[in-house]
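1. After the sequence you'll find the predicted model.
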Amino acid sequence: MTGYTAQVITASNRAAAGIYEDLSGNILIDGLTALGYAVSELVLVADDSVVIAREISRALDSHINLIVTTGGTGVSPTDITPEATAPFLEKLIPGFGEALRAYSRVHVPTTDLSRGLTGTHGTSLIINLPGSTGGVRDGLVIIERLAGHILDQLHGVDH
């Protein structure tokens, strides 16, 4: 058990409009819970940079340790999650995205198109994951490998 808190934010125009169910956010909540995070209720928003930024800000104001977004990391005109996230990142962690792409590339060659960012803000870790269920499952593997160590470092735990 990690003892850390987590918030999942899904950015999807179609899921926010009720056109389809947000599967990725629910997979993230289940996966993070299984990893020992105390996960807040899912936040589902449209692909809107102001709204995404507002929800990241709320999570930071609530002192959430791990903030994970899903969706909006591709190259379509509505994919703006990294741009909404970037102003909050104090220290970039490009190795997280590199690890995710390396892990996923074997099964999904287009994983290299994901522009998700990862970085820290104070004692919080913010991670952008793709909106696909496969991308989220792969992201959980990398979260399991790296997030606990990063959060421990941010909270002064000796390493």
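-> It's in.
2. Identify the bridge partners of the most centrally placed residue in the chain.
-> Among the residues of the chain, Val68 comes closest to the average C-alpha position under CA atoms, centre = their mean, at 2.5 Å. Legend: beta-bridge partners of Val68 under DSSP bridges are Val8, Ile127.
3. Look up how far Ile52 lies from it.
-> Val68 sits at a distance of 13 Å from Ile52 (criterion: CB to CB, to the nearest Å). For the C-beta atoms, the positions are set from N, CA and C on the backbone; glycine is no exception.
4. Can you check which residues contact both of those two?
-> The contact sets of Val68 and Ile52 overlap at Ile9 (CB atoms under 8 Å, 6 or more residues apart in numbering).
5. Start from the N-terminal end of this structure and give the strands.
-> 5-11, 38-39, 43-45, 66-70, 91-92, 118-121, 124-129 (DSSP state E).
6. got a list of what Ser24 touches?
-> Residues in contact with Ser24 (CB under 8 Å, 6+ apart) are Thr10, Thr70, Gly71, Leu129, Gly131, Ser132, Thr133, Gly135, Val136.
7. just those now: which is nearest Pro94?
-> The closest of these to Pro94 turns out to be Leu129 (CB to CB; 14.9 Å).
8. Could you identify the longest helix within the chain?
-> Ranked by residue count, the top helix of the chain under DSSP state H comes out as helix 133-154.
9. and that one, what other elements does it pack with?
-> helix 23-34, strand 66-70, helix 94-104, strand 124-129 (3 or more CB pairs under 8 Å, 6 or more residues apart in numbering; DSSP states H and E).
10. Least confident secondary structure element in the protein?
-> None of the helices or strands of the chain scores lower by mean pLDDT, DSSP states H and E than helix 13-16, at a mean of 89.
11. tell me which residues in it are buried?
-> Neighbour counts over helix 13-16 (16 or more other CB atoms under 10 Å) mark Ala15, Ala16 as buried.
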